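Participant: Return atomic coordinates for the entry below.
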Amino acid sequence: MENKTIRRNLYRVLRKTGVKKEDILLNASYNDDLAFDNTDWSIFTYYLERIFKINLDDKELEKMKSINDTLILLKNTA
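Facilitator: All right, here's what the predicted structure looks like:
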């Protein structure tokens, strides 16, 4: 999958999770900047796995601290 497609699909996932356009920045932290709670994480994970057709385990989810971390993970699984 192309880098541009990965970014676009991740953007879609974040918007479905309820993140505002202006808050989607590469260095944005899920917990600190986007204030993700357990419900947000569940929704985010659900859409991420469905849109990218991947299965994430707990170790991979723990590594995702920021949007950039997620992009790196998605590039490595593509």
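Participant: The helix or strand in which residue 49 is found - contacts with which helices or strands?
Facilitator: Per DSSP states H and E: residue 49 is located in helix 38-52. Here helix 38-52 touches helix 3-17, helix 67-77, going by 3 or more C-beta pairs under 8 Å, 6 or more residues apart in numbering; DSSP states H and E. Bear in mind the C-beta positions are built from the backbone N, C-alpha and C, glycine included.
Participant: Output those helices as a markdown table; include the columns mean neighbour count and mean pLDDT.
Facilitator: Shown next, in a markdown table, are the helices and strands packed on helix 38-52 (neighbours: other C-beta atoms under 10 Å; pLDDT from 0 to 100):
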| stretch | mean neighbour count | mean pLDDT |
| --- | --- | --- |
| helix 3-17 | 15 | 95 |
| helix 67-77 | 16 | 93 |
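Participant: Relative to residue 61, which of those helices is closest?
Facilitator: Closest to residue 61 of the helices and strands packed on helix 38-52, according to C-beta to C-beta: helix 67-77, at 9.4 Å.
Participant: Can you check what angle separates the closest one from helix 38-52?
Facilitator: Relative orientation of helix 67-77 versus helix 38-52 (axes from the mean of the first three to the mean of the last three C-alpha atoms, to 10 degrees): 30 degrees.
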